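Novice: sequence first, then the predicted structure:
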Amino acid sequence: MERLEDRVALVTGGASGIGAAIAHRLAAEGATVMVTDVQDDLGEKVVAAIRDEGGTAEYAHLDVSSEAGWQEVMDRVRTEQGRLDVLVNNAGMGDLASIEDTSLADWERTISIDQTGVFLGMKTAAALLKASGHGSVINISSIFGAIGGFGTSPAYHAAKGAVRLMTKNTALHWAPDGVRVNSIHPGFIDTPILAPVKGTEFESVMTSATPLGRLGRPEEIAAGVAYLASDDASYVTGSELYIDGGYTAR
């Protein structure tokens with residue numbers, strides 16, 4: 001079933017990991033997908049793979065911390081597609097530094113991508129989403145947008161917590177316009193970001209702390225995005241979807 005036929009979706013951070021899985025799933029559901037990232041070669045490969053699978057996709061370079069970059073991409077979507085129905089703010093970064101070891105420059109870079117990037121995405125997409133009739137925004141937050149985690153990466157926690165509440169705030173503001181805004185909170189997902197800790201004691205800590213006893217798969221996050229993007233979730237806005245193997249149920 002193609003729940004997103006004739007709709008246009010934009011995915012940030014779509015060149016790898018969760019973002020690539022989201023782009024593939026939305027295309028499989030019938031959407032025309034604009035894949036954006038700063039990793040241009042990988043992004044083009046994702047688009048080529050989607051097309052090989054029979055889907056429709058385009059690629060655009062986008063630094064989500066740049067307002068001018070966002071405006072350029074939105075202008076392209078408006079010119080080439082004439083509409084935008086789904087916005088997935090997925091691009092993000094993080095580290096494992098403590099608050100004492102986090103420099104101001106590292107703090108500001110994380111905030112600019114993980115938090116400001118979401119703000120800019122919603123701000124620049126507002127007019128197109130309101131005109132859609134099916135507008136849906138899915139902001140990828142984190143379990144660490146709601147809990148303190150391991151006491152590390154304060155900038156990441158601060159940014160993802162901000163995304164959680166910014167999502168609810170915008171959901172209330174856009175409800176009269178029929179635009180739904182929800183957040184997804186992944187747990188520990190098996191992506192390239194976790195490559196440095198695979199096979200280490202830290203991976204064991206993550207899996208042992210997860211009731212389902214394993215890392216999640218990017219496709220499991222993508223399935224949640226597809227649901228929230230579709231009319232199956234037509235009465236869902238301002239909500240948090242935790243896809244974390246039960247981690248936050250403790």
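Specialist: Cool, got the structure.

Novice: center of the protein - which residue?
Specialist: By CA atoms, centre = their mean, the chain has its centre lying nearest to residue 90, at 2.1 Å.

Novice: next, the contact list for that one, please.
Specialist: 11, 12, 13, 14, 18, 19, 22, 140 (CB atoms under 8 Å, 6 or more residues apart in numbering). The C-beta positions use only the backbone N, C-alpha and C, and glycine is treated the same way.

Novice: can you name the residues bridging to the last one?
Specialist: Here residue 140 sits in beta bridges with residue 184, as judged by DSSP bridges.

Novice: wait, it touches residue 87, no?
Specialist: No. Residue 140 is beyond contact range of residue 87, at 11.2 Å (criterion: CB atoms under 8 Å).

Novice: those two: who's more crowded?
Specialist: residue 87 (31 against 27; other CB atoms under 10 Å).

Novice: now do the helices in the protein.
Specialist: For the chain, the helices defined by DSSP state H occupy 17-28, 40-52, 67-80, 104-111, 117-132, 154-174, 201-208, 218-229.

Novice: worst mean pLDDT among these?
Specialist: Lowest mean pLDDT within the helices of the chain: helix 201-208, at a mean of 90.

Novice: name the residues that touch that one?
Specialist: Counting by CB under 8 Å, 6+ apart, 188, 194, 197, 213, 214, 215 sit against helix 201-208.

Novice: the last one against residue 193, yeah?
Specialist: I take that to be residue 215. No. If you go by CB under 8 Å, residue 215 and residue 193 don't touch, sitting 11.3 Å apart.

Novice: who's more crowded, these two?
Specialist: Taking neighbours as other CB under 10 Å, residue 215 and residue 193 compare with residue 215 leading, 17 against 14.
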